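A.B. asks: With the sequence up front, the predicted model follows.
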Amino acid sequence: MTIDEELELLHEQLRRLKIEYDIFFNNPTKRPPTDIEWKVVSLIRKFSDGRYMSFAQRFKYNEMAQRYAVQSDLWRKKMRIRDEGHRKPYDAMLTVAGARVPETREAAQHRVYGLVRKDQVDAGTPHGAQLFSVQCSGATPDQAQIESLYQALREAKQKLGEQVSGSLDSFTSFLRKKTGEIRQEYGCETVLYSVELEDGQVKLKAKAKV
């Protein structure tokens, strides 16, 4: 097998590994994909010294090795939360997605303060409804954005009779750290946070806008 073929195999194994970890973290009965990860680590170690590789091959290898290092660190953190329980009140309700988000003209007009009407919430908000959304650009979200999101999250949970836990300070630390992690993992500038109603529960969701 040539170097190019093995690098293509590494690319494919990395793609499979991410899919398997996504499945693992969403299924409590699923085992971690250690066999695929072992293959990925073996290939990364094999080419770590860069011998017999062209500049283009080395560039491709470095990009994949760096991507694995970032994702591996995130998986370890998620694994710790899974094993030890949610350490922070917001970890349990955050869902992160990396899909590109197509934006319509209407969505662009309402993306910052996407509140549904008060009568819709009081009368029973439909499944999957977005109650509030805000975009955080750059490495550090604006404090006003954080406070607006925090207040929307509290109000939505209170309307459904859910217990509200965690202070604004802890939420600020959580959101800034999470924004940095998402920007690093997906290579994006902007993270879209939304408060949504799903299966009768309030969820805080995040999407990387690539």
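C.D. replies: The structure has been received and is ready for your questions. Residues are numbered from 1 along each chain as shown.

A.B. asks: in stretch 139-148, what counts as buried?
C.D. replies: Buried residues in stretch 139-148, counted by 16 or more other Cβ atoms under 10 Å: 141, 145, 146, 148. From N, CA and C alone the C-beta is placed, and that goes for glycine too.

A.B. asks: How about stretch 32-43?
C.D. replies: Counting neighbours by 16+ other Cβ under 10 Å, stretch 32-43 gives 33, 36, 37, 39, 40, 43 as buried.

A.B. asks: on that earlier part again, nearest to residue 200 among the buried residues of stretch 139-148?
C.D. replies: The closest of the buried residues of stretch 139-148 to residue 200 turns out to be residue 148 (Cβ to Cβ; 24.1 Å).

A.B. asks: helix/strand/coil for that closest one?
C.D. replies: helix (DSSP: H, G, I helix; E, B strand; the rest coil).

A.B. asks: From here on, call the first residue 14.
C.D. replies: Sounds good: first residue 14 from here, last item residue 161.

A.B. asks: Relative to residue 30, how far out is it?
C.D. replies: 37 Å (Cβ to Cβ, to the nearest Å).

A.B. asks: And for residue 83?
C.D. replies: 13 Å.

A.B. asks: neighbour count winner among these two?
C.D. replies: Neighbour count, other Cβ atoms under 10 Å: between residue 83 and residue 30, residue 30 has more, with 21 against 14.

A.B. asks: Tell me who's in contact with the more buried one.
C.D. replies: Taking Cβ atoms under 8 Å, 6 or more residues apart in numbering as the criterion, residue 30 is in contact with 46, 49, 50, 53, 81, 84.

A.B. asks: and those residues, which of them are in helices?
C.D. replies: Among those, the members falling in helices (DSSP state H) are 49, 50, 53, 81, 84.

A.B. asks: So the fourth one sits against residue 53, correct?
C.D. replies: Okay, so that is residue 81. Yes. Residue 81 is within contact range of residue 53, at 6.2 Å (criterion: Cβ atoms under 8 Å).

A.B. asks: what is in contact with those two at once?
C.D. replies: 27, 30.
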